[in-house]
Structure formats: C-alpha cells, structure tokens
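Undergrad: what follows is a predicted protein model with its sequence.
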Amino acid sequence: MLKHHKFRPYIRRLHGNEAAHDLVTQIQLSFYLKLIKDKEIKKAYVLTQRGFPNHILAVSNNKQSLISKALTGSTKQSLKDWQKDTQQRLSNTNTPANTLIDLSQKL
C-alpha cells in the first residue's frame with residue numbers, strides 16, 4: 001500500500017467478512033447482511049479506512065447516506081476534503097478511527 005493512501009476513508013461494497021468495533025454499527029452490519037441473504041436487497045455499502053480493510057465505520061444501502069453520515073458535523077466540506085483531513089489526523093496516531101461521530105466532531 002502506498003504511504004500517502006494509508007488511513008484515508010473510502011466507500012466500497014459490502015463483502016460479508018467485515019466487523020465493526022461499536023455496537024450500533026455491528027447491529028446495522030448484521031441487519032444488512034441478513035437482508036442480502038434473504039434477497040430483499042442486492043447490495044450494501046460500507047465506509048472503511050485504507051490500512052484497516054475489515055474495520056467498518058458505517059454501513060448503508062446507498063452511497064449518499066454514507067456520505068451524509070461522514071459529513072454530519074461539517075456541511076461546508078466536500079467528501080474529498082474530509083477524507084484528506086481524516087487521513088492527516090489519523091496518520092499521527094497510527095490507529096483506526098473508532099466512530100464517525102468522533103471524526104466529525106474534531107473538524
């Protein structure tokens with residue numbers, strides 16, 4: 001992995017082998033996995049970080065709701081700017097983000 005990409009949050013499709021470290025996200029993750037298994041929805045998306053591939057920050061059935069979850073505290077900032085700011089903050093600590101709320105409140 002390139003050093004300048006580490007810790008940058010990104011959105012991708014749900015694979016099924018992810019895990020979340022907080023209770024709310026874990027419940028949402030299991031809910032969407034059940035919906036996909038029961039074929040009620042075809043796909044779901046997750047917000048994760050480069051360098052921590054199975055550490056999920058948020059999950060939803062569309063990309064727009066994930067973007068709105070990521071930008072809850074900063075409506076004037078674009079997703080790309082938020083990603084760069086988050087990457088810069090987390091590269092100093094060398095640990096994954098715990099929740100989106102923590103990240104958005106520090107902006």
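TA: Noted; the coordinates are in hand.

Undergrad: next, Asn17: phi, psi?
TA: Main-chain dihedrals, Asn17, degrees, to the nearest 10: phi -110, psi 20.

Undergrad: which residue packs closest to it, ignoring adjacent ones?
TA: Nearest non-adjacent residue to Asn17, counting by Cβ to Cβ, 6 or more residues apart in numbering: Asn54, 6.3 Å away. Every C-beta, even on glycine, is put in place using the N, C-alpha and C of the backbone.

Undergrad: show me what contacts Lys6?
TA: By Cβ atoms under 8 Å, 6 or more residues apart in numbering, the residues touching Lys6 are 50-51, 87, 91.

Undergrad: try 7 Å
TA: With contacts defined as Cβ atoms under 7 Å, 6 or more residues apart in numbering, Lys6 is in contact with 50-51, 91.

Undergrad: which element is the residue nearest in space to the middle of the chain on?
TA: In the chain, the centroid-proximal residue (Cα atoms, centre = their mean) is Leu47; its distance is 2.2 Å. Using DSSP states H and E, Leu47 maps to strand 45-49.

Undergrad: which element follows that strand toward the C-terminus?
TA: strand 52-60.

Undergrad: and that following strand, which strands flank it?
TA: Applying DSSP bridges, strand 52-60 is found paired with strand 19-20 (parallel), strand 45-49 (antiparallel).
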